[in-house]
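> model the following, please.
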Amino acid sequence: MAGKAPGHADMGLLVRHAAATVDVELTLHESLLPELDIDYAGAAPAGPTTRAYTSYLLATAYGGSFADGVAAVLPCYWIYAKVGAELGRCGSPDPRYQRWIDTYSADDYQTMVAEVLDLANNIGETLCTTEEIRARSHFTTAARYEWMFWDAAWRRETWPV
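Got it, this is the predicted structure:
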């Protein structure tokens, strides 16, 4: 998606975000998985909802415009920030869950979200009506998938066949 950015500043922003996300997520997962007795190498394949969601994001970022890609990934940024900030107010007695909360309530993450919200707002000002409708549709679909992703984890969703 960053490769479709209309300028170097936007490209750099998204590349920095991607690198930071990989670093933070890997560190978080590498610490949590052993504590939860989960062997990453032997983990189950992605479930139906996760596969559908990630496939949707990839297809939108690859096949759509820069605005489409930003609209599709925005819910992931924004929802984690909102949930992280809310949970950060009350915390958790479980230190593993608290590490997750700390990650998404952290000032660094909240700053990244503010940056991508600014980017989305700036892009939105340039869209014609048709492009705006399409971007809003991608945002809505991705927000639904984000909810379904969390629900699938809650239900411990697996492939039915």
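> pick out the residue closest to the middle of the protein.
Against the mean C-alpha coordinate of the chain, by Cα atoms, centre = their mean, the closest residue is residue 76 at 3.0 Å.
> next SSE after the strand or helix carrying residue 59?
If you go by DSSP states H and E, residue 59 is part of helix 48-63. Next helix or strand after helix 48-63 toward the C-terminus (DSSP H and E): helix 66-90.
> buried ones in that next one?
For helix 66-90, the neighbour count (16 or more other Cβ atoms under 10 Å) marks 66-81, 83-85, 87-88 as buried. No exception for glycine: its C-beta is placed from N, CA and C like everyone else's.
> likewise stretch 92-104?
Those would be 100-104, for stretch 92-104 by 16+ other Cβ under 10 Å.
> could you list the low-pLDDT ranges of this protein?
Across the chain, not a single residue meets the criterion (pLDDT under 70).
> which parts of it are helices?
Using DSSP state H, the helices of the chain run over residues 8-35, 48-63, 66-90, 95-105, 107-124, 129-155.
> CSV for those, including distance to residue 2?
Shown next, in CSV, are these (distance: least, Cβ to Cβ, whole Å):
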stretch, distance to residue 2
helix 8-35, 4
helix 48-63, 9
helix 66-90, 9
helix 95-105, 22
helix 107-124, 11
helix 129-155, 17
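> winner for burial among these?
Highest mean neighbour count of the helices of the chain: helix 66-90, a mean of 19 (counted as mean count of other Cβ atoms under 10 Å).
> wait, what's in contact with residue 104?
Residues counted as contacts of residue 104 (Cβ atoms under 8 Å, 6 or more residues apart in numbering) are 80-81, 83-85, 87-88.
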